[in-house]
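Asker: only geometry, no sequence info:
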Ligand code: NAP
């Protein structure tokens, strides 16, 4: 998971503070479908996809699963490893620890000095692998440059992979086997779609970005021959000539480019669902901290064209944390010999 994985973690409190009333109704499958909430009051504008509210709903489901495990004397445990003093990483790790506490997951944070040798970090991973109280291990990325991130990620037992980024779990995903840990951000995007009634099945999904963290696992997840997936997916990247030619064909457009305004209004098909994964810090002297987060989509213009749109913050970011909790709960359930709780992507 990168330092941006939870992107707007630092803004979660802002989102809560500014929150308007949310309205939810259950659908036939028991999920709460989000009621339409328009991004602007006048004209035809996109409905906002409230990631903060949907993530809260998933956290409530996780809390139920954790309570059932605790009744059996099992406390799901997440071990986060933070190396160095990157303020953003500190903020992300504390957001994850807070979210874990709230659902009853016991979070431990190992905060190591920036100069920690790789061998020492690997030895810690070995100890956590062997610790029965730890069900998932989360090294907060980026790690300092002298440490090989891949070596650390691969040292974690696949069964304790918090992020779903271990090659074993990525391989399972590729096979269409969703029993392992599923990468958090792609899984969160899928849940956002399903829980707003935007089943990707039969739709053309265009993904901008091909990272192992977001773009590629998302494309694999959504092309699975399974309910809640079954989409036709196009992946775009910097080698794609005429990006707009592709994005304009998207019924569902997911943008994970890491550049503000990668997507402008004329690049979006009217009525499309637009999911903005990007989290970019831009200067904002009007804020006390001097910056604010924006996505990769020109939100103000695109919301006049799209049918649905995620805000930044308050869209994908909270979902990434929620799906991390899901992975931890499911890891603990496996150890307890219970079938993993279903967060099945049932449309
Ligand atoms: P990454 O590893 O830098 O990958 C970015 C991808 O976007 C690359 O594949 C790149 O293409 C492509 N790209 C960049 N500019 C483009 C353009 N103008 N046109 C077409 N493709 C373009 O980033 P990442 O880790 O996937 O993250 C992407 C963004 O999502 C970042 O802002 C990150 O902070 C954010 N993020 C947010 C969350 C969350 O929870 N909210 C989680 C994860 C990531 P090439 O491969 O050709 O270079």
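Answerer: That came through, no problem. No experiment lies behind these values; they were computed from the predicted model shown. Numbering: from 1, shown residues only.

Asker: residue 47 reaches residue 303, doesn't it?
Answerer: No: using CB atoms under 8 Å, residue 47 is not in contact with residue 303, being 9.2 Å away. C-beta coordinates here come from the backbone N, C-alpha and C atoms, glycine included.

Asker: more neighbours: which of the two?
Answerer: Neighbour totals were compared for residue 47 and residue 303, and residue 303 leads with 23 against 19 (other CB atoms under 10 Å).

Asker: now residue 236: how far from the ligand?
Answerer: 5 Å (CB to the nearest ligand atom, to the nearest Å).

Asker: any idea how far residue 305 is from that residue?
Answerer: Counting by CB to CB, to the nearest Å, the separation of residue 236 from residue 305 is 18 Å.

Asker: which one of these two has more residues nearby?
Answerer: Comparing residue 236 with residue 305 by other CB under 10 Å, the one with more neighbours is residue 236, at 24 against 20.

Asker: my guess is the more buried one contacts residue 219. True?
Answerer: No: using CB under 8 Å, residue 236 is not in contact with residue 219, being 10.5 Å away.

Asker: shared neighbours of these two, anything?
Answerer: Overlap of the contact sets of residue 236 and residue 219 (by CB atoms under 8 Å, 6 or more residues apart in numbering) consists of residue 207.

Asker: ranking helices and strands of the chain by mean pLDDT, which lands last?
Answerer: Ranked by mean pLDDT, DSSP states H and E, the weakest helix or strand in the chain is strand 24-26, scoring a mean of 34.

Asker: now stretch 87-95, how far from the chain's geometric center?
Answerer: 15 Å (CA atoms, centre = their mean, to the nearest Å).

Asker: let me know whether that stretch sits next to the ligand.
Answerer: No: Stretch 87-95 stays clear of the ligand (CB under 6 Å from any ligand atom), getting no nearer than 9.5 Å.

Asker: in that stretch, what's buried?
Answerer: 88, 89, 90, 91, 92, 93, 94, 95 (16 or more other CB atoms under 10 Å).

Asker: just name the closest of those to residue 313, please.
Answerer: residue 95 (11.4 Å; CB to CB).

Asker: how about that closest one, secondary structure?
Answerer: helix (DSSP: H, G, I helix; E, B strand; the rest coil).

Asker: wait, residue 224 touches residue 217, no?
Answerer: No: look at residue 224 against residue 217 with CB under 8 Å: they stay out of range, at 11.1 Å.

Asker: look at those two and report which has more neighbours.
Answerer: Per other CB under 10 Å, whichever of residue 224 and residue 217 has more neighbours is residue 217, with 24 against 19.

Asker: secondary structure element holding the more buried one?
Answerer: helix 215-223 (DSSP states H and E).

Asker: please identify the buried residues of that helix?
Answerer: By 16+ other CB under 10 Å, the buried positions in helix 215-223 come out as 215, 216, 217, 218, 219, 220, 221, 222, 223.

Asker: repeat that for stretch 72-91.
Answerer: Quick answer for stretch 72-91 (16+ other CB under 10 Å): 74, 76-84, 86, 88-91.
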